[in-house]
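**Q** Predicted model follows, preceded by the sequence.
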Amino acid sequence: MKRFSKGVAIALIIFGVLAPFIPLLIWSVARRWYFPAILPTEWSLRGWSYAFSNASRLPQALRQSFAVSTTASLLAILIGMPAGRVLGLYKFRGKTLVEFLILAPTIVPAFAVVMGIHVLFIRYGLADTLSGVIIVHLIPTLPYVTLVLAGVFANYNVDYESQARSLGANTWQVIRYVMLPAIYPGVIVAGMFAFIISWSQYLLTLMIGGGRVLTLPLLLFSFASSGDNNVTAALSIIFILPAIALLVITSRYLTGRNASLGATRGN
Amino acid sequence: MSALQPRSRFTWERFRIPLLLAPALSVILLLFGGGLLLTLSQSFGYLPIIGKTEFSLAAWQAIFQRGEFWQSLFLTLWIGGVATLTSTILAILCALTLRKQFRGKKAITFLFQLNIPIPHIVGAIGILLLFSQSGLIARLANLAGMINDPAQFPALVNDRYAFGIIAEYVWKETCFIGTIVLATLQSVGEDYENAAASLGANRWQRFRYVTLPLIMPGVLTASILVFAFAFGAFEIPFLLGRRFPSALSVLAWRSYTDTDLALRPEAMAMSLFIALVSTGLILLYMTISRKLVRE
């Protein structure tokens, strides 16, 4: 009885997690699927072939989404890494305030900020451009990268650096041959987090891109409100692929044994 | 030489922390802080660079006098409250189930984290295709003989009680809170519970007086994050909500994009109101997690 109820609970969890994906998968390959049919009466790959044709504007959306999300996450890592190191390794006066400032953009909705900025972006020619969109995507991504990297650095053993220094390494060599090899799994995880956050942005892109910048969520939104379930479902599945890749890769890194990180994780 | 070296190191040390913090902090202060200030000043109708030099409280007075604002605020609190409470309870139940030993545990724990990185928009579309009146659940209800016609199925998306919106949050945030609780449970182990059991505590007592206090800090902080997110989120109520009353973020957005430009200061005031509530929640979050570290 006890085993049985545990089995039911686990089955319910699996079903609950997967439930919204079921109609998405079916709709992406359905042709005719009217109420009350449980399964489509006619199947077709129209949703997929339309999605991949130029008519759906998916190629453009994929290009722009990749350009924005890759650039925004690389910038976020570059800008956030020094701060992550400080927050992970040191105690200092005013740390609480710094943490508050970095935490704030992860919780305060970014549209409240971007509504104010918009006017300036229009004035300085950043509105309706890819670079404008990339800049505002730093608002949600940079804090996450900094916080994830702070966690990574909290498990990083700085003593290796002083050993390298005592052997005559300069700052750049220490970064290149000691710090980066030790933290790179964490950096990849942080970068992928940033990528997904940027990849999922809808409102910020709409506001600053002004319809000129077309990313995947904007395309998905327009198909979702047009009611074309086949194409919407196909686009949704394409849209979540990076998230699934993130999960597969992070779960490997998180369980993988890395010498410099693993050495300090035990305590 | 030996007298000089500590001194030069000392000055480097002194500036190292501010220097390393500078890139991230200046971007955040400039974009985020500056952006908030610009929203604030525009909510007062004041922005000299576009020639608006008059300062007025009209927008703030207007939103607080608008019945729709209060209805939207109430709806937003309802959505955030119900979604947070439901996902917290479900998350604890899920974590208590998943901590046990069973076949395929690794795969199912992996699956449980699956929808954390999935964008909310996709979750919202999935919920729409599941719960709409011609959705998969209505079809199953028809198969079971409970309804004959889509119209007989209760409206669960774009509905009065915001069921669809809440369902999407619960679907996603249960996994978020649950993963945090599961991590706590697995790092603590079962020793305390076993000790309580050997002292004669029954299942409920073990949960109430041993397990719950252990997971409470994680549960509390995660719930605050979920509530804050639900309070300010835009995409889900935009796709799954009714037009009137709409969530606060949607109302702010509609005022912002209204052809009547006079509504813009009101949009700014409403967005800032959401930002203020979120800021209060961050302070609460930080206080609780700080206490947690100290204990």
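**A** Good, I have the coordinates. It should be emphasised that the depicted structure is a prediction, and the values quoted were computed from it without experimental measurement.
**Q** rest of the way, CA atoms for contacts and neighbours
**A** Noted.
**Q** residues near residue 158, how many?
**A** Picked chain A for this. Neighbour count for A:V158, taken as other CA atoms under 10 Å in any protein chain shown: 13.
**Q** that's the wrong chain, I wanted chain B
**A** 21.
**Q** give the contact list for it.
**A** By CA atoms under 8 Å, 6 or more residues apart in numbering or on different chains, the contact set of B:N158 is B:164, B:240-242.
**Q** likewise A:A112?
**A** With contact set as CA under 8 Å, 6+ apart, A:A112 has these partners: B:35-36, B:39, B:268, B:271-272, B:274-275.
**Q** repeat that with 7 Å
**A** By CA atoms under 7 Å, 6 or more residues apart in numbering or on different chains, the contact set of A:A112 is B:36, B:39, B:271-272, B:275.
**Q** residues contacting residue 159?
**A** In the absence of a named chain, chain A is used. A:D159 touches nothing, counting by CA under 7 Å, 6+ apart.
**Q** Oops, wrong one, chain B.
**A** With CA under 7 Å, 6+ apart, B:D159 has these contacts: B:241-242.
**Q** Pull up the distance across stretch A:160-174, start to finish.
**A** 9 Å (CA to CA, to the nearest Å).
**Q** Phi and psi next, for B:L47.
**A** Backbone torsions for B:L47, taken as degrees, to the nearest 10, come to phi -160, psi 90.
**Q** and it, how far is that from B:L40?
**A** Counting by CA to CA - B:L47 and B:L40 are separated by 10 Å.
**Q** Looking at these two, which one has more neighbours?
**A** Legend: neighbour count by other CA under 10 Å for B:L47 and B:L40, higher for B:L40 (22 against 18).
**Q** Any residues of chain A in contact with chain B? List them.
**A** Those residues of chain A that sit near chain B, judged by CA under 7 Å from any CA of the partner chain, are A:17, A:20-21, A:23-24, A:35-38, A:79-80, A:82-83, A:86, A:104-105, A:107-109, A:112-117, A:139, A:200, A:236, A:240, A:243, A:247.
**Q** Packing partners of the helix or strand hosting B:L185?
**A** For B:L185, the host element (DSSP states H and E) is helix B:163-188. Using 3 or more CA pairs under 7 Å, 6 or more residues apart in numbering or on different chains; DSSP states H and E as the contact test, the elements touching helix B:163-188 are helix B:67-98, helix B:120-131, helix B:212-232, helix B:235-240.
**Q** those helices in chain A, which residues are they?
**A** Ranges of helices in chain A, per DSSP state H, are A:2-18, A:21-28, A:46-52, A:58-89, A:95-107, A:110-123, A:130-154, A:159-166, A:171-174, A:180-199, A:203-209, A:216-226, A:229-255, A:259-265.
**Q** Output these as TSV; include the columns mean pLDDT.
**A** Formatted as TSV, the helices of chain A follow (pLDDT from 0 to 100):
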stretch	mean pLDDT
helix A:2-18	90
helix A:21-28	95
helix A:46-52	91
helix A:58-89	96
helix A:95-107	93
helix A:110-123	94
helix A:130-154	96
helix A:159-166	93
helix A:171-174	93
helix A:180-199	93
helix A:203-209	96
helix A:216-226	93
helix A:229-255	86
helix A:259-265	34
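**Q** For the stretch 151-295 of chain B, which residues are neighbours of chain A?
**A** Contact residues, the stretch 151-295 of chain B versus chain A (CA under 7 Å from any CA): B:171, B:228-229, B:232-233, B:271-272, B:275, B:278-279, B:282.
**Q** So of those, which two are at opposite extremes in space?
**A** With CA to CA as the measure, no two of these lie farther apart than B:W171 and B:L272, at 28.2 Å.
**Q** Buried ones in stretch B:234-247, by neighbour count?
**A** Burial within stretch B:234-247, assessed by neighbour count using 16 or more other CA atoms under 10 Å in any protein chain shown, is assigned to B:234-242, B:245-247.
**Q** Which pair of the residues you listed spans the longest distance?
**A** B:E235 and B:P245 (15.6 Å).
**Q** so what's the residue in the stretch 51-200 of chain B that chain A sits nearest to up against?
**A** Nearest residue of the stretch 51-200 of chain B to chain A: B:G126, at 4.2 Å (CA to the nearest CA). Residues in contact with B:G126 (CA under 7 Å, 6+ apart) are A:20-21, A:23-24.
**Q** now swap in A:A110 and tell me
**A** By CA under 7 Å, 6+ apart, A:A110 lies in contact with A:139-140.
**Q** can we see that at 8 Å?
**A** With contact taken as CA under 8 Å, 6+ apart, A:A110 is in contact with A:139-140, A:204.
**Q** returning to that earlier point: between the helices of chain A, which one is closest to B:L220.
**A** Counting by CA to CA, B:L220 lies closest to helix A:95-107 out of the helices of chain A; the figure is 15.5 Å.
**Q** Can you name every helix or strand that the closest one contacts?
**A** Judged by 3 or more CA pairs under 8 Å, 6 or more residues apart in numbering or on different chains; DSSP states H and E, the packing partners of helix A:95-107 are helix A:130-154, helix B:5-27, helix B:212-232, helix B:264-294.
**Q** CSV please, covering the ones you listed and showing distance to A:L12 and mean neighbour count.
**A** Formatted as CSV, these follow (distance: least, CA to CA, whole Å; neighbours: other CA atoms under 10 Å in any protein chain shown):
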stretch, distance to A:L12, mean neighbour count
helix A:130-154, 32, 24
helix B:5-27, 43, 14
helix B:212-232, 22, 20
helix B:264-294, 31, 19
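**Q** picking up where we left off before, nearest to A:L58, of the contacts of A:A112?
**A** Of all the contacts of A:A112, the one sitting nearest A:L58 is B:S271; the distance, using CA to CA, is 31.9 Å.
**Q** wait, the closest one sits on B:A252?
**A** Yes: here B:S271 reaches B:A252: they are 6.2 Å apart, a contact under CA atoms under 8 Å.
**Q** Surely B:L263 and B:S255 touch.
**A** Yes: judged on CA under 8 Å, B:L263 makes contact with B:S255 at a distance of 5.6 Å.
**Q** dump the residue contacts of the closest residue to chain B within the stretch 51-200 of chain A.
**A** Residue nearest to chain B within the stretch 51-200 of chain A (CA to the nearest CA): A:G116, separated by 3.9 Å. Counting by CA under 8 Å, 6+ apart, A:G116 touches B:35-40, B:42, B:268.
**Q** can I get the residues you listed in a markdown table with pLDDT?
**A** Shown next, in a markdown table, are the contacts of A:G116 (pLDDT from 0 to 100):
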| residue | pLDDT |
| --- | --- |
| B:G35 | 96 |
| B:L36 | 96 |
| B:L37 | 95 |
| B:L38 | 95 |
| B:T39 | 96 |
| B:L40 | 96 |
| B:Q42 | 94 |
| B:M268 | 96 |
